[in-house]
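# predicted model, plus sequence, below.
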Amino acid sequence: MIEGYKISTNHDDMDVSVIHGFISRSYWASGIPMETMSRAIKNSLCFGVFLDTGEQVGFARMITDEATFAYLADVFVLEEHQGKGLSKWLMKTIIEHPKLQGFRRMVLATRDAHALYEQFGFRALANPQTFMELWVPDVYAKRCS
């Protein structure tokens, strides 16, 4: 625990406007529509970081079948709350969550936070040639047209 903060997995606690505000300006989901973000939150195992007052300052979500596989996405801590250990606490909470135990594989994509995730056992793909993707980089722009 970190004094003055709490982590919740209750969907009712998630502040979609704060989450969308950050994610829609991120390098990985720039321009994501509010409705799409809301649906993503609804269908994921979400972790919110909050001040004791209830104000949301961080977020992450796991997309999972709750049996064998999970994909970690949309991890952030607002800039004014960085440097306090919140990202590490958030990751520890996620990795230790009862619904995320015994999986064969957890994956994520990051451009700049490798050092954080390596502390929790994540490594570069051992065999990247065995993974494929269907990538539509401008999907949100197409939806708005």
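Perfect, I can see it now. Numbers count the residues shown, from 1 in each chain.

# and the longest helix for this structure?
Criterion DSSP state H: the longest helix present in the chain is helix 86-96.

# now what about that helix, what contacts it?
Residues outside helix 86-96 that contact it (C-beta atoms under 8 Å, 6 or more residues apart in numbering): 1-2, 5, 7, 47, 49, 57-58, 60, 62, 72, 75, 77, 100, 113, 116-117, 119-121. C-beta: built from backbone N, CA, C; applies to glycine.

# in strands only, show me those residues.
In this view, these that belong to strands under DSSP state E are 5, 7, 47, 49, 57-58, 60, 62, 72, 75, 77.

# switch those residues over to CSV; also include distance to residue 19, pLDDT and neighbour count.
Below are those laid out as CSV (distance: C-beta to C-beta, whole Å; pLDDT from 0 to 100; neighbours: other C-beta atoms under 10 Å):
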residue, distance to residue 19, pLDDT, neighbour count
5, 16, 98, 19
7, 14, 99, 19
47, 11, 99, 21
49, 11, 99, 24
57, 11, 99, 21
58, 10, 99, 23
60, 10, 99, 23
62, 14, 98, 23
72, 15, 98, 23
75, 11, 98, 21
77, 12, 98, 21
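
# list just the nearest of those to residue 39.
Ranked by distance to residue 39 (C-beta to C-beta), the ones in strands among the contacts of helix 86-96 are led by residue 62 at 15.6 Å.

# my guess is that closest one contacts residue 43, does it?
No: judged on C-beta atoms under 8 Å, residue 62 makes no contact with residue 43 at a distance of 10.9 Å.

# for this structure, name the helix or strand with the lowest mean pLDDT.
Of the helices and strands making up the chain, the lowest-confidence element is helix 139-144, at a mean of 70, by mean pLDDT, DSSP states H and E.

# hang on, the earlier thing: next, the buried residues of the longest helix of the chain.
86-87, 89-91, 93-94 (16 or more other C-beta atoms under 10 Å).

# could you do stretch 56-69 as well?
Buried-residue list, stretch 56-69, by 16+ other C-beta under 10 Å: 56-62, 64.

# widest-spaced pair of these?
57 and 64, at 23.8 Å, using C-beta to C-beta across those.
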